[in-house]
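> Compute the structure for the input listed below.
(one chain, ligands or ions: 1)
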Amino acid sequence: MVHLGPKPPQHRKGTFTDVSPALMSTLKELESQFTVSGETLRKIVDHFITELDKGLSKKGGNIPMIPGWVMDFPTGKETGDYLAIDLGGTNLRVVLVRLGGNRDFDTTQSKFALPSHMRTATSEELWSFIADCLKKFYDEEFPDGVKEPLPLGFTFSYPASQDRISQAVLQRWTKGWSIDGVEGKDVVPMLQSAIEKVGVPIELVAVINDTTGTLVASSYCDPEAKLGLIFGTGVNGAYFDVVGDIPKLEGKTAEDVTPDTPMAINCEYGSFDNEKVILPRNKYDIIIDEESPRPGQQTFEKMNSGYYLGELLRLILVELAENKKLIFQNQDLTKLKQPFVLDTSFPARIEEDPFENLSDVQELFYDYLKIETTVPERKVIRRISEMIGERSARLSVCGIAAICKKRGYKTAHCAADGSVYQKYPGFKARAAKSLRDIFEWPADLEDPIIIVPAEDGSGVGAAIIAALTKKRLKEGKSVGIKA
Ligand code: BGC
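Residues are numbered from 1 along each chain as shown. Take a look at the predicted model:
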């Protein structure tokens, strides 16, 4: 049977007769600003490939292409107890992973809500918060103590340079984080000393990116998994390259490493096109960038990741209401004018509203923003949300296509995780359709490159990587650049 993927959601054409001509013409203008044709996608992908290569070169480029020092594929026979922590946007997740040795595992986890000010707290506050959570978890799970320190894999999902797997020098915060005193520093000693202060026998053995964890956890279970991807608050991808194809590692690896040794690469492609030559940015993208804590950075991410989709919608609505005076007239816009007041669940819920008169949207706007909406306004809001969601999905897959083309993968499972992938309505279908637009596969060919749900990368992936690292160390093999 030919599988062409799920059908993308259709917007409701021909139902805009009650929308005023002025609003309609603005909507058309927005449509042209948010539409990305197949041809544009293909041009973006071509440039993306050049940039991935540049990132691996000695000179480097915008895309960091960070070697993650995972140099073995998991065998599935890894065993033992490992701790994993994942510092996400809203939670700190602590996971105990018991690797069973037969491609199987058990996990026990706790989630600790990050206090709302944590994104901009002090460095000490951050590390001691994490250490306190680890202690709580440890006390609960190991009331009788442990014989050997527990190996910990730390999923730190920000661009961090690594000369070895137990090091992570933060290049810059992303996704709205901005804690002073961490950029340019190795986070490992900071966390390890906070752990020592709370006095728990935990040894930080590996720092990994969430995409690398996703790649490794998924390839542990599925040999066809070639990419690990996150479509969430941020966007990024990881894949296995070989050391011989990474010019910037030339002369830097130890004797046990050969040109065909695999190397997980955390692309950090959220920074694609920071020099702004190819992405079709519109004025809302420019505002988002200029008003962010790190203007000029993460250009690609700012156009399609979950952290920004609600904000894009908000900026457009403020413009339509305040500057153009086309919607929400004579209403209090105070709440709507608060930056980032709408998170991604907002456009997602708008797109999900099943009712013809969009009554869910009506409720949402009233409950959340104290704004009354008319039916035509709601139709316009819905259409704008679709445009934002659709563009996000279309741009998102450019990274996948570029890696697959670069590595010559004709078929692949691209293991994906993240809130946008999991929860944004229509994302999966739109992404599959966009891959088709890029690769121009014949209509009767089943999609050879597909996005599949990932295994738990930041838990199981981090644990497997900790296990692989322990094993390499035991065998006297290198886990970083040569000493
Ligand atoms: C970070 C990456 C991360 C991605 C997804 C980006 O903002 O720079 O390290 O993988 O978000 O979480």
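> Tell me how many other residues crowd whichever residue of the stretch 101-250 of the chain sits closest to the ligand.
For the stretch 101-250 of the chain, the residue closest to the ligand is G234, as judged by CB to the nearest ligand atom, at 2.0 Å. C-beta here means a position set from N, CA and C on the backbone, and glycine is covered the same way. Counted with other CB atoms under 10 Å, residues neighbouring G234 total 27.
> Return the per-residue confidence for it.
Looking at G234, its pLDDT stands at 94.
> shift numbering so it begins at 4
In the new count, where the first residue is 4, that last one comes out as G237.
> Y311 is in contact with that one, correct?
No - G237 is beyond contact range of Y311, at 9.8 Å (criterion: CB atoms under 8 Å).
> and for those two, which residues touch both?
Common neighbours of G237 and Y311, counting by CB atoms under 8 Å, 6 or more residues apart in numbering, are E304.
> Enumerate every residue touching the residue of the stretch 104-253 of the chain closest to the ligand.
Contacts for G237 (CB under 8 Å, 6+ apart) come out as S160, T177, K178, G273, Q301, E304, S308, G309, Y310.
> Quick one: name the residues of the stretch 54-203 of the chain near the ligand.
S160, Y161, P162, T177, K178 (CB under 6 Å from any ligand atom).
> Next, give me the two most distant ones among those.
For those, the maximum inter-member distance is 10.9 Å, found between P162 and K178 (CB to CB).
> I'd like the secondary structure assignment at R385, please.
Three-state assignment for R385 (DSSP: H, G, I helix; E, B strand; the rest coil): helix.
> What pLDDT does the model give it?
What the model reports as pLDDT for R385 is 97.
> next one: phi and psi at L207?
Main-chain torsions, L207, degrees, to the nearest 10: phi -70, psi 110.
> quick one: it and A124, what's the gap?
Distance from L207 to A124, counting by CB to CB, to the nearest Å: 21 Å.
> Same drill for the two, tell me which one is more crowded.
Counted by other CB under 10 Å, L207 and A124 do not tie: L207 has more neighbours, with 21 against 17.
> quick one: contacts for the more buried one?
Neighbour list for L207: L155, F157, S169, V191, L194, Q195, I198 [criterion: CB under 8 Å, 6+ apart].
> in stretch 452-469, what counts as buried?
452-455, 457-469 (16 or more other CB atoms under 10 Å).
> So which bits of the stretch 354-486 of the chain are right by the ligand?
Counting by CB under 6 Å from any ligand atom, the stretch 354-486 of the chain comes close to the ligand at no residue.
> Would you pull up the residue in the stretch 354-486 of the chain closest to the ligand?
Proximity of the stretch 354-486 of the chain to the ligand (CB to the nearest ligand atom) peaks at G421, 6.7 Å away.
> number of nearby residues for that residue?
Using other CB under 10 Å, the number of residues around G421 comes to 27.
> For it, which residues are in contact?
With contact set as CB under 8 Å, 6+ apart, G421 has these partners: L232, I233, F234, G235, T236, V238, G309.
> is it fair to say I454 lies in a strand?
Yes - counting by three-state DSSP, I454 is located in a strand.
> Might you list the low-confidence residue ranges for the chain?
The model of the chain has pLDDT under 70 over residues 4-17.
> Can you tell me the SS state at S113?
Going by three-state DSSP: S113 is strand.
> hey, what's it bridged with?
V97 (DSSP bridges).
> Surely it touches R96?
Yes - because the distance of 7.5 Å satisfies CB under 8 Å, S113 is recorded as touching R96.
> Looking only at neighbour counts, state which of those two leads.
Applying other CB under 10 Å to S113 and R96 shows that R96 carries more neighbours, namely 19 against 16.
> which residues does that one contact?
For R96, the contact set (CB under 8 Å, 6+ apart) comprises A87, I88, D89, Q112, S113, K114, F115, S461, G462.
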